[in-house]
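S.K.: Just to be clear, the model below is a prediction. Sequence and coordinates:
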Amino acid sequence: MENNVVLEIVRADTVDTYIRVGKKSYCEHYLHLWENEDPSPYLNSSFTHEVVSSELENPNVINFLVKANDVPTGIVKLIIDQPLDEHSAKDSLLAQKIYLLKSFSGMGIGQKVLRLIENYAIDLNKKLVWLDTMQKGKPLNFYLKNGFKINKESALTLPGAIPSEKPMWILTKQL
């Protein structure tokens, strides 16, 4: 089955779907990062009505529902102008969240989402897309396979994260 994958901008009437899909996809993949498998520190800073509504009003943030064949399959959050080292905000886009529901993993949707993000960045005349990913696990290999390069070390800073799971990489892709 060919998946018609699109990024649909989140609006006030789709915030509930964004929050539901965001929480579920995050919990399906990342509970192991948290003490007692409790991701509350992250979920409460990312997936509440107050947080998402505030993001919708911020012109530098854009939230998307990932849809495949019109079915919500994940979420994306982009920071439009976000500098990284010598790269100016004007030239750099941060892909802050890219989460797919587990039932849609391995179907090529993630790769299509990356292309859509890259095309979005190119339309904005960006020269660089960057993101953070855990140093351990499948996402790192996925991003490297799709043309991202390790830029430098980073770390998960929220309370409650398991110390051995905090190391992250900042990955970049030149456009």
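M.R.: Great, that's in hand.

S.K.: could you show me where the strands are in the chain, in order?
M.R.: For the chain, strands defined by DSSP state E occupy the ranges 5-9, 61-68, 71-79, 92-100, 128-134, 149-155, 167-174.

S.K.: Make a markdown table from those and add mean neighbour count and mean pLDDT to it.
M.R.: (Glycine included, C-beta is placed from N, CA and C.) Converted to a markdown table, these look like this (neighbours: other C-beta atoms under 10 Å; pLDDT from 0 to 100):
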| stretch | mean neighbour count | mean pLDDT |
| --- | --- | --- |
| strand 5-9 | 17 | 98 |
| strand 61-68 | 21 | 98 |
| strand 71-79 | 22 | 98 |
| strand 92-100 | 23 | 98 |
| strand 128-134 | 21 | 97 |
| strand 149-155 | 13 | 97 |
| strand 167-174 | 18 | 97 |
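
S.K.: who wins for proximity to Leu33 among those strands?
M.R.: Nearest to Leu33 among the strands of the chain is strand 128-134; the distance by C-beta to C-beta comes to 7.3 Å.

S.K.: CA atoms only: put the closest one into CSV for me.
M.R.: Written as CSV, here are the backbone C-alpha positions of strand 128-134 (Å, rounded to 0.1, in the frame of the first residue of the first chain):
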residue,chain,number,x,y,z
LEU,A,128,20.3,23.7,7.6
VAL,A,129,17.9,21.4,9.4
TRP,A,130,19.0,20.2,12.8
LEU,A,131,17.6,18.1,15.6
ASP,A,132,18.5,16.3,18.9
THR,A,133,18.3,12.5,19.2
MET,A,134,19.3,10.0,21.8
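
S.K.: Pro41 contacts Pro159, correct?
M.R.: Yes. Because the distance of 5.3 Å satisfies C-beta atoms under 8 Å, Pro41 is recorded as touching Pro159.

S.K.: More neighbours: the two, which one.
M.R.: Each of Pro41 and Pro159 has its neighbours counted (other C-beta atoms under 10 Å); Pro41 has more, 16 against 9.

S.K.: Do you know the pLDDT at the more buried one?
M.R.: On the pLDDT scale, Pro41 is placed at 92.

S.K.: Please name the residues that touch it.
M.R.: Counting by C-beta atoms under 8 Å, 6 or more residues apart in numbering, Pro41 touches 34, 158-161.

S.K.: One more pass at 10 Å, please.
M.R.: Contacts were defined as C-beta atoms under 10 Å, 6 or more residues apart in numbering; by that measure Pro41 touches 34-35, 156-161.
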